[in-house]
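Q: Got a predicted structure plus its sequence, pasted below:
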Amino acid sequence: MAAEEVGNKLVRLLYFVGAGLICTKGINLWNDYERKAAAVTTKETNRTMPEAPEGMVNASTAVASKP
């Protein structure tokens, strides 16, 4: 009887640890997906924004205020 109880607790513990590993893997995959999506968005934004001429004092505000 005691061996069955220990076995059941061990199986439940292994299930719990396995579920934790699966959840951690899923969270890491989601973070990678978000990071890659943000990198693509940043790359597209940098490609579409015009660059300000060199030597301009407030280059970022001058580019942003152009219609």
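A: Received the coordinates, thanks. Computed from a prediction, not measured in an experiment: that's the story for all the values here.
Q: Measure how far the strand or helix carrying residue 43 is from the centre of its chain, please.
A: In this assignment (DSSP states H and E), residue 43 forms part of helix 2-48. Here the centre of helix 2-48 is set off from its chain's centre by 12 Å, with Cα atoms, centre = their mean, to the nearest Å.
Q: what about the chain, any weak spots by pLDDT?
A: Applying pLDDT under 70 to the chain flags the ranges 1, 49-67.
Q: same thing but 80
A: Residues of the chain meeting the criterion pLDDT under 80: 1-3, 43-67.
Q: gap between residue 37 and residue 18?
A: 29 Å (Cβ to Cβ, to the nearest Å). Quick note: C-beta positions are derived from backbone N, CA and C, even for glycine.
Q: and what of residue 3?
A: Counting by Cβ to Cβ, the gap from residue 3 to residue 18 is 22 Å.
Q: out of these two, which sits in the more crowded spot?
A: Shown here are residue 3 and residue 18; by other Cβ atoms under 10 Å, residue 18 has more neighbours (10 against 7).
Q: so what's that one up against?
A: Contacts for residue 18 were tallied using Cβ atoms under 8 Å, 6 or more residues apart in numbering; there are none.
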